[in-house]
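**Q** how would this look folded up:
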Amino acid sequence: MPAELTVLALSGVLLIVHIFAAIHYKTKQYGVDWNMGARDEDTEPLNDIAGRLQRASDNFRETLPLAIIALLGIVLADKANEWTVIAAWVWLGARLVYLPLYWAGIPKVRTYVWTVSLLALLYVLGVLLLG
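**A** Numbering: from 1, shown residues only. This next block holds a predicted model:
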């Protein structure tokens, strides 16, 4: 299997981690009945940790489609090479580092790590579009 697809499969695991981390802290705040209910009621704003984990999860879900387009596209177009493999792993590594940085509330470094992840995907998209 191409490495880019391995990275995509692992990103699915990371997506699950994001979802469960965010919902775990929301459930700690709002309770099991809220989690198992329809969630129709108004709730107080999320506490700092739950809010950061929700925002990190939202951010990952916003950028994951770009990764799917770039990494799957590069494989389907048969344009994968050693540099797209490196870029794929850099993207995943940066996204792995991003979650605990956001969780801990570490500013600036988190943004730099996010930027690295975006640049890695933009490189792959550039190869996909421009050869």
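**Q** next, count neighbours for Glu62.
**A** Around Glu62 there are 9 other residues, counting by other Cβ atoms under 10 Å. All C-beta atoms are positioned from the backbone trio N, CA, C, and that covers glycine.
**Q** now for the helix or strand where it lies, which elements pack on it?
**A** Assignment of secondary structure by DSSP states H and E places Glu62 within helix 48-76. Contacts defined by 3 or more Cβ pairs under 8 Å, 6 or more residues apart in numbering; DSSP states H and E place helix 48-76 against helix 3-30, helix 82-103, helix 109-130.
**Q** ok, how many other residues are close to Val113?
**A** Val113 sits with 20 neighbouring residues when counted by other Cβ under 10 Å.
**Q** hang on, isn't it packed against Leu96?
**A** No - the pair Val113 / Leu96 is not scored as a contact, 9.4 Å apart, by Cβ atoms under 8 Å.
**Q** gap between Ala50 and Val116?
**A** Shown here: Ala50 relative to Val116, a distance of 26 Å by Cβ to Cβ, to the nearest Å.
**Q** neighbour count: the two, which is higher?
**A** Ala50 (20 against 16).
**Q** lowest-pLDDT helix or strand in the protein?
**A** When the helices and strands of the chain are scored by mean pLDDT, DSSP states H and E, helix 32-36 comes last with a mean of 90.
**Q** need the contact list for the nearest residue to Gly105 once chain neighbours are set aside.
**A** Setting aside the residues directly before and after it, Gly105 is nearest to Arg52 in space (Cβ to Cβ, 6 or more residues apart in numbering), at 6.0 Å. Contacts for Arg52 were tallied using Cβ atoms under 8 Å, 6 or more residues apart in numbering; they are Tyr102, Trp103, Gly105.
**Q** for Arg52, give me the pLDDT.
**A** Per-residue confidence for Arg52 comes out at a pLDDT of 98.
**Q** so which of the helices and strands packed on helix 48-76 is the most packed in?
**A** Of all the helices and strands packed on helix 48-76, helix 82-103 carries the top mean neighbour count, a mean of 19, counting by mean count of other Cβ atoms under 10 Å.
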